[in-house]
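1. my questions are about this predicted structure, shown below with the sequence.
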Amino acid sequence: MKFVLATQNPKKREEMAAILSDLGVEVVTEEEVGVKVEVEETGETFAENAALKAKAVMEATGLPSIGDDSGLCVDILNGAPGIYSARYGGEGLDDAGRCRLLLENLRGLTDRRAHFETVICCAFPSGEWLAAQGRCDGTIAFAPMGANGFGYDPIFFITNLKKTFAQLTAEEKAAISHRGNALREFKEKLAEYLAEHPEG
Ligand code: ITT
């Protein structure tokens with residue numbers, strides 16, 4: 001069965017295709033099926049935004065479509081930046097600028113607990129849905145460390161590994177990350193769905 005991943009990011013497609021390959025599913029990007037759907041992320045939760053993306057792409061393509069939404073939630077900031085993680089501090093900031101801003105907003109605070117969260121949603125043309133969620137707990141470091149990954153990885157510290165996400169290899173990160181956990185749950189649910197719907 002062919003699934004469209006609601007993203008412009010080819011790296012996300014590769015990651016998902018690799019994990020789902022042994023289910024015999026094909027994951028293609030919007031570009032590969034000739035659509036570019038602008039989805040306004042107006043939801044108030046990761047789940048709502050993931051569902052909005054999946055539904056919009058499913059309606060544009062007529063194919064089962066997968067949307068995801070992720071972000072970093074800091075306890076003492078009441079869950080910020082949360083669903084606004086990609087645009088924390090406004091359009092002018094890059095990843096390093098957003099990390100600096102977050103460190104600045106936590107300056108002098110010792111409670112640095114935080115988690116990353118991902119929700120993956122799949123919308124089928126039949127009206128059926130699948131959803132999976134993943135989380136990874138950690139703390140916000142006092143300074144950036146490491147050069148791998150993207151986004152807030154240099155300041156997201158995993159206590160028992162004594163490393164930030166940016167100090168892990170891609171494989172080490174995927175084994176514990178919010179996205180890895182969500183993808184593994186999604187894969188289980190998709191395998192069950194495919195067993196129940198052998199005709200697609
Ligand atoms: P698309 O919606 O186009 O797929 P995006 O960048 O918005 O891409 P996400 O919804 O997955 O992707 O993540 C939103 C933001 O949360 C992202 O821009 C990062 O700032 C942050 N983020 C999510 N996952 C992350 C991770 O594994 N490491 C570091 N930062 C992450």
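-> Ah, there it is. Numbers count the residues shown, from 1 in each chain.
2. up against the ligand, what does the chain have?
-> Within the chain, the positions lying close to the ligand (C-beta under 6 Å from any ligand atom) are 7-9, 12, 68-72, 85-86, 116, 149-153, 165, 177, 179. For glycine as for every other residue, the C-beta is placed from the backbone atoms N, C-alpha and C.
3. any idea which element the closest residue to residue 70 other than its chain neighbours lies in?
-> Computed as C-beta to C-beta, 6 or more residues apart in numbering, the closest residue to residue 70 that is not its neighbour in sequence is residue 118, at 4.2 Å. Secondary-structure assignment from DSSP states H and E places residue 118 in strand 113-123.
4. residue of the protein nearest the ligand, please.
-> residue 151 (2.3 Å; C-beta to the nearest ligand atom).
5. list the buried residues of stretch 134-151.
-> Neighbour-count burial for stretch 134-151, with 16 or more other C-beta atoms under 10 Å as criterion, is recorded at 134, 136, 138-141, 144-146, 149, 151.
6. give me the average confidence score over that stretch.
-> Rounded to a whole number, the mean pLDDT of stretch 134-151 is 97.
7. what about residue 69, which SS state?
-> strand (DSSP: H, G, I helix; E, B strand; the rest coil).
8. relative to residue 150, how far out is it?
-> Applying C-beta to C-beta, to the nearest Å, the value for residue 69 to residue 150 is 16 Å.
9. where do the strands sit along this structure?
-> In order along the chain, the chain carries the following strands (DSSP state E): 2-5, 26-29, 65-74, 113-123, 129-140, 156-158, 163-164.
10. so which other helices or strands are in contact with the lowest-mean-pLDDT helix or strand in the chain?
-> Least confident element among the helices and strands of the chain, by mean pLDDT, DSSP states H and E: helix 10-20 (a mean of 85). Helices and strands in packing contact with helix 10-20 are listed as strand 2-5, strand 26-29, helix 178-196; criterion 3 or more C-beta pairs under 8 Å, 6 or more residues apart in numbering; DSSP states H and E.
11. so which of the ones you listed gets nearest residue 94?
-> Taking C-beta to C-beta as the criterion, helix 178-196 is the member of the helices and strands packed on helix 10-20 that comes nearest to residue 94, at 20.7 Å.
12. give me the below-cutoff pLDDT ranges for the chain.
-> Per-residue confidence of the chain (counting by pLDDT under 70) places the weak regions at 200.
13. residue nearest the centroid of it?
-> In the chain, the C-alpha nearest the mean C-alpha coordinate belongs to residue 70, at 3.8 Å (C-alpha atoms, centre = their mean).
14. residues contacting the closest residue to residue 185 other than its chain neighbours?
-> Leaving out its chain neighbours, the residue that sits closest to residue 185 by C-beta to C-beta, 6+ apart is residue 132, at 3.9 Å. The contact partners of residue 132, taken as C-beta atoms under 8 Å, 6 or more residues apart in numbering, are 119-120, 182-183, 185-186, 188-189.
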